[in-house]
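Colleague: Sequence first, predicted coordinates after that:
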Amino acid sequence: MLCGWSFLGGFFIGGGAVLLIRGFDGDSMIWVGGIACVSIFLPAIILWIISRGRKDNIFYGLPDALDLMVVCVEAGLGLDQAMRKVAEEMKNSYHIIAEEFSLCNLQLQMGRARNEVLHDLGARTGVDDLKALAAILIQADKFGSSVAQALRVQSDSMRTRRSQLAEEKAAKTAVKLIFPLVLFIFPAIFIVLVGPAAITMINELFPSMNGEL
């Protein structure tokens, strides 16, 4: 449905602008078709970029949020108050997590069950770590186990995983640098090192060769 509306929008808006500027001819119709085809994929690409940014923000900020929740729970606050405190303290650093926890607090104040709110939190964001956290909190609330211990274990697990991802990206850096080095840096170094010698050879060797001939 979204692709259909974007196609029609690109066809009428972009195509109409092209026809007004260039006139009605064969090239204009090609431009209209190209704009309409691009408009099919453009909303999906933009939506993917936005969702990817949100997921990355949640993934990198969740260990800090969990540490703050552990401190709040161990200080005597309940899970609801801890989530409210996280939403207040992290609105500047990780505003997406703060927005998600604020929405959870609003739903809890409206009378929804905590299990449903936590389950919707994991499903709404699409982050696997947050889904696992929601499942752990639901299980801890259901069986009456320690919420602080569950949060601490999940926080340590997420920090270990984030460290492993950082090491993996660092290991791939050398391979990714090969193409920029070969395409951009090595030619410049070659010109700087060999250029003066080539100029000297052209100025001295070629005239002598012409004199011998």
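Modeller: Cool, got the structure. Numbering: from 1, shown residues only.
Colleague: Does Asp56 belong to a helix, a strand or coil?
Modeller: On the three-state scheme (DSSP: H, G, I helix; E, B strand; the rest coil), Asp56 is labelled helix.
Colleague: OK, contacts around it?
Modeller: Going by Cβ atoms under 8 Å, 6 or more residues apart in numbering, Asp56 touches no other residue. All C-beta atoms are positioned from the backbone trio N, CA, C, and that covers glycine.
Colleague: State the distance from it to Ser155.
Modeller: Remark: distance between Asp56 and Ser155 (Cβ to Cβ, to the nearest Å) = 18 Å.
Colleague: Check Ile46 too.
Modeller: For Ile46, the distance to Ser155 equals 33 Å [Cβ to Cβ].
Colleague: and the two? which has more neighbours close in?
Modeller: Between Ile46 and Ser155, Ser155 has the larger neighbour count (other Cβ atoms under 10 Å), namely 20 against 10.
Colleague: Spell out which helix or strand contains Leu77, please.
Modeller: Leu77 is located outside every helix and strand, with elements delineated by DSSP states H and E.
Colleague: surely it meets Lys85?
Modeller: Yes: Leu77 is within contact range of Lys85, at 6.8 Å (criterion: Cβ atoms under 8 Å).
Colleague: out of the two, which sits in the more crowded spot?
Modeller: Neighbour count, other Cβ under 10 Å: between Leu77 and Lys85, Lys85 has more, with 19 against 15.
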